[in-house]
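> Coordinates for the following, if possible.
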Amino acid sequence: MKTLLLTLTSALALSAAAAANAADCKITVGVVMELTGPAGEYGQAGAKSVDMAFRDINEAGGVRGCQLATDTRDSQSQGNVAVDAATQLVQVGKVPVVIGGIISSVSIPILTSVTAPAKVVQVSPASSSPTLTALGRDGKTNGIFFRTITSDALQGVAAAKYALDQGFKKLAVIHVNNDFGVNMVNEFSRAYKALGGEIVSVTPYNEKQSSYQSEVTKAMEGEPDGLYLISYPVDGATIARAWISQGGVQKFLLNDGMNSKDFITAVGAEYLNEAYGTSSGTSPTKSTEYFNANYKAFSNIEPSNPAADRSYDAGAIVGLAIAAAGSDKSADIREAIYKVVDPKGEPIYAGKEEFAKALKLIGEGKPIRYEGVIGPVAFDKYGDITGPFRLWKIKDGEVVTVSEMSADDVGKLKAETDK
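Alright, predicted model coming up:
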């Protein structure tokens, strides 16, 4: 009897130790988000979304007996700060993946200075600059960059068509003077002019100024019938208020980053009754339903935040890829990213139950296709995706979807306007 008791006691002790070791086992992913600064609203939502995706995977059983964890750093919406943060994560923390940033002026320096040289996978949920594609084509990314948003090369085309459809014949443009803003203007201008529109002025601005009156005064030259404001919520609100106070016509075209409750509140809904915008769209799936129903309770942030949905997908794809890779090596995770969105795989959606199904299939060596909150995606060799664009307007202080342009429609229009 004593021998039996000793045996049982030893077994229980070993079992408890194993459970404790499993609980202590963590696979840490680096997250660099704009938690403060002009893009802070988006970075906060993005970080929460990644945490939610990892929570759902962990509750589904985790990855190879380990829990996914994040080491989240604030880029402060500044490229140099982001590089320092990413360097710490990669060189000291030895993370195999970095998720971030949100804005292109943060993601690009992380890529060129840290992740590409170190051959560490980087996934941006919301950086849309065409420069990121160009870096891939030029062989400067080592094939490790992915993003869960469509390129601005396509958003500019969608915005040009939408602008003309809403009666914008002569536009002034004010844009943030960074890679994102410059590229967005270039892509938009090419399509807008090809479709018959006229741009009367293009005025760049530098971020975090207390006043933009001089930029607004310059932009008003040529008597435009509207303003295309390519900006972020904080600076964008300051510019819009200056435009209104100086007598500018209260008709606005806005980029995806201006789809923001904070922007509307800061400007005043009564001045934005003719404000229109474009955003990278979604093809709704069961994941979309799950996310919209559960995200606010988890994050206290509205699921309509432009960075929220695609950041969840970035986290989910990374987490599933770590499981499918069978290792924590960045090179293996890179290859596995393509495997977890395999068009021939079993469809998998967001949430604990679906991720449990995914982990089981991965364990059996079977292919899966994660169909995310933004819809099913497939990455090309440069890490880009294609997708629809949402056309929206501000009505009674709320962003309301008016219609959608399909990926095929935008692609055809781009081919026509590039001639």
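
> where in the protein is pLDDT low?
Low-confidence segments of the chain, defined by pLDDT under 70: 1-23.

> repeat that with 50
Applying pLDDT under 50 to the chain flags residues 1-22.

> In the stretch 1-150 of the chain, mark out all the helices, start to finish.
Using DSSP state H, counting those that start in this stretch, the helices of the stretch 1-150 of the chain run over 2-24, 40-59, 79-87, 104-110, 116-118, 131-137.

> Hmm, G196 is touching L164, no?
Yes. The criterion here is CB atoms under 8 Å, and G196 meets it with L164 at 6.7 Å. In this view, the C-beta of every residue, glycine as well, is placed from N, C-alpha and C.

> Between those two, which has more neighbouring residues?
Set side by side, G196 and L164 show more neighbours around L164, with 16 against 9, by other CB atoms under 10 Å.

> for whichever strand or helix holds that one, which positions count as buried?
Using DSSP states H and E, L164 sits in helix 152-165. Buried residues in helix 152-165, counted by 16 or more other CB atoms under 10 Å: 152-164.

> Ok, stretch 321-340 next?
Within stretch 321-340, the residues that count as buried by 16+ other CB under 10 Å are 321-325, 328, 330-334, 336-337, 339-340.

> Would you enumerate the residues in contact with M33?
G43, Q44, G46, A47, T72, R73, D74, S75, G100, G101, I102 (CB atoms under 8 Å, 6 or more residues apart in numbering).

> can you give me the end-to-end distance of stretch 388-400?
With CA to CA, to the nearest Å applied, stretch 388-400 spans 16 Å between its terminal residues.

> So which bits of it are buried?
P388, F389, R390, L391, W392, K393, I394, V399.

> taking the residues you listed as a set, which two sit the farthest apart in space?
P388 and I394 (20.4 Å; CB to CB).

> which of the buried residues of stretch 388-400 lies closest to K344?
The closest of those, once distances to K344 are taken by CB to CB, is P388, at 22.7 Å.

> Give the buried residues for stretch 220-238.
220, 224, 226-238.

> Could you count how many residues lie near T265?
By other CB under 10 Å, 12 other residues sit near T265.

> and it, what does it touch?
Contacts of T265 (CB under 8 Å, 6+ apart): G397.

> Which stretches in the stretch 151-300 of the chain count as helices?
Counting by DSSP H, counting those that start in this stretch, residue ranges of the helices within the stretch 151-300 of the chain are 152-165, 179-194, 213-219, 233-245, 261-267, 286-299.

> out of those, which comes closest to Q88?
Comparing these by CB to CB, helix 179-194 comes nearest, at 23.4 Å.

> all strands in the stretch 251-400 of the chain, in order from the N-terminus.
Here the stretch 251-400 of the chain has its strands, by DSSP state E, counting those that start in this stretch, at 252-254, 275-280, 346-348, 368-372, 375-376, 389-395, 398-405.

> re earlier: looking at the buried residues of stretch 220-238, spot the one nearest A269.
A237 (12.2 Å).

> Could you tell me the angle between the direction of the helix holding L164 and that of helix 179-194?
50 degrees (axes from the mean of the first three to the mean of the last three CA atoms, to 10 degrees).

> tell me how far helix 152-165 is from the chain's mean position?
Centroid displacement of helix 152-165 relative to its chain, using CA atoms, centre = their mean, to the nearest Å, is 19 Å.

> quick revisit: quick one, which of the helices of the stretch 151-300 of the chain is packed in tightest?
Most buried of the helices of the stretch 151-300 of the chain, by mean neighbour count (mean count of other CB atoms under 10 Å): helix 152-165, with a mean of 24.

> Touching it from outside, list them.
The list of residues contacting helix 152-165 from outside it, by CB under 8 Å, 6+ apart, reads 128-130, 133, 171, 180, 183-184, 186-192, 194-197, 226, 228, 253, 255-256, 276, 278, 280, 386, 389, 391, 405, 407, 410-411, 413-414, 417.

> Spatially, what comes nearest to A331 if we skip its sequence neighbours?
Nearest residue to A331 in three dimensions, chain neighbours excluded: K119, at 6.9 Å (CB to CB, 6 or more residues apart in numbering).
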